[in-house]
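1. Please find the sequence and the predicted model below.
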Amino acid sequence: MKANIVLLPGDGIGPEVVSAAVQVLEAVGQHYDHKFVFTEYLIGGSAIDKTGNPLPEETLQACRSADAVLLGAVGGPKWDDPRASVRPEQGLLGLRKGLGVFANLRPVRVHPALIEASPIKSDRLLGVDLIVVRELTGGLYFGQPKKRDWVDGQQRAVDTLEYTENEIERIVDLAFRLARQRRRKVSSVDKANVLESSRLWREVANRVAQRYPDVTLEHVLVDTAAMRLVSVPQSFDVIVTENMFGDILTDEAAVLAGSMGMLPSASLNGQYGGLYEPIHGSAPDIAGQGIANPIGTILSAAMLLRYSLGLEQEARAIEKAVDQAITEGARTRDLGGSLTTTAMTQAIIERLD
Ligand SMILES: NC(=O)C1=CN([C@@H]2O[C@H](COP(=O)(O)OP(=O)(O)OC[C@H]3O[C@@H](n4cnc5c(N)ncnc54)[C@H](O)[C@@H]3O)[C@@H](O)[C@H]2O)C=CC1
Ligand SMILES: CC(C)CC(=O)C(=O)O
Ligand SMILES: [Mg+2]
């Protein structure tokens, strides 16, 4: 098959990990006789530097016409001035909104050989296999008003957490559908003891659950969920939650998997091709050193093959090669080893069937 894939390397380690994933996709393309056409566009801080805009119109249009989009990360200290009117992160938020990708799937699997890389006790990590379904185009990151103003002679900052029933319904429904393909358990995470938006979330989740009598629904307060994630992570199958809660809980979940560099994601809505990115940021502390762990981005490329191109066998080949490389001891520095990004990528490519 032929597919047009837009690449958005972005900032910091973004270009390093995207280049690694492209090498893996090219190897898969050669092996299975597919033609992946890659075209690179600007986003984030590098786009601000070249165009003044963190999401140039050309980038958004290219992403809308592509079969899929693979993104590295955006942001970094260079663009962190709090008085700046444009920020790299606005480019990513604008892209997610512009593509309408409301469903962000973040699978978390713990490789048995990496249990010793995690600070959490080993018996708690065995067999952890959960997926966080994070709402991605609403909630606290997008609600209006979002502003600074002056009240009684001092500055005030306002962010708004808002959801409509439809926005909640479509993400919770997706979580239930996913649960049917897994262990049939949905944990809906909210803060319903405090937030009105969470009380609506709970009501809608209960309503959706009636359509899935074969799936168990539990409601978990987000603070308890954060605790359970490290104490009894095996108790989760599908977690569905608000945008910011999902953002925070998945960084925590990365600790289970051994490193921020391990976790992939897919952002979908069924209309455009889908947006694929590791869950980590631009990691300015290690950028440019060639030591970033490329696995989160490589596994995101596997999700791209599965969800946007329907290439299940090829997706599994990548996942298997990653598993095998880890089993056989391949480790970047974040996992306690010394492989460079390039060497880790090569170790994975060598193990592709
Ligand atoms: N999706 C995106 O583009 C995101 C962008 N950011 C932006 O990234 C910048 C840095 O944010 P941080 O809070 O430092 O979060 P970060 O996720 O970039 O880094 C946190 C820690 O994890 C390590 N790390 C992350 N990815 C790694 C990888 N692939 N291999 C090895 N180690 C890795 C970093 O070295 C750092 O110690 C900020 O400007 C932030 O706004 C943050 C999160 C997501
Ligand atoms: C806009 C991003 C910086 C938010 C984030 O941390 C993420 O999506 O994981
Ligand atoms: Mg995040």
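-> Done, it's in. Ligands and ions are numbered 1, 2, ... in the order given.

2. Would you mind giving the secondary structure of Leu174?
-> Put simply, Leu174 is helix when judged by DSSP: H, G, I helix; E, B strand; the rest coil.

3. In this structure it contacts Ile131, no?
-> No - in this structure Leu174 lies outside contact range of Ile131 using Cβ atoms under 8 Å: 10.8 Å. For the C-beta atoms, the positions are set from N, CA and C on the backbone; glycine is no exception.

4. Nearest to ligand 1: which residue in the stretch 101-250 of the chain?
-> Proximity of the stretch 101-250 of the chain to ligand 1 (Cβ to the nearest ligand atom) peaks at Asp247, 7.9 Å away.

5. Just the local confidence number for that residue, please.
-> For Asp247, the pLDDT comes out at 98.

6. Let me know the helix or strand that it is in.
-> Secondary structure from DSSP states H and E places Asp247 in helix 243-257.

7. If you count neighbours, what's buried in that helix?
-> For helix 243-257, a neighbour-count test (16 or more other Cβ atoms under 10 Å) marks 243-247, 249-250, 253-257 as buried.

8. mind checking how far stretch 205-217 is from the chain centre?
-> 25 Å (Cα atoms, centre = their mean, to the nearest Å).

9. Stretch 267-275 too?
-> Centroid separation for stretch 267-275 versus its chain: 13 Å, with Cα atoms, centre = their mean.

10. Centroid-nearest residue for the chain?
-> Nearest to the mean C-alpha position of the chain, by Cα atoms, centre = their mean, lies Ser265 at 3.3 Å.

11. List the buried residues of the helix or strand harbouring Gln346.
-> Using DSSP H and E, Gln346 maps to helix 341-350. Neighbour counts over helix 341-350 (16+ other Cβ under 10 Å) mark 341, 344-349 as buried.

12. List just the nearest of those to Leu114.
-> Set against Leu114, the nearest of these by Cβ to Cβ is Met344 (13.3 Å).

13. Tell me the spacing between the closest one and Asp334.
-> 10 Å (Cβ to Cβ, to the nearest Å).

14. hey, what's in contact with both of the two?
-> Both Met344 and Asp334 are contacted by Asn293, under the criterion Cβ atoms under 8 Å, 6 or more residues apart in numbering.

15. What parts of the stretch 151-300 of the chain come near ligand 2?
-> Within the stretch 151-300 of the chain, the positions near ligand 2 by Cβ under 6 Å from any ligand atom are 247, 279.

16. near ligand 1, which residues of the stretch 51-200 of the chain?
-> Looking at ligand 1, the residues of the stretch 51-200 of the chain close enough under Cβ under 6 Å from any ligand atom are 73-76, 89, 92.

17. from the stretch 51-200 of the chain, which residue is nearest to ligand 1?
-> Nearest residue of the stretch 51-200 of the chain to ligand 1 (Cβ to the nearest ligand atom) works out as Gly75 at 2.6 Å.
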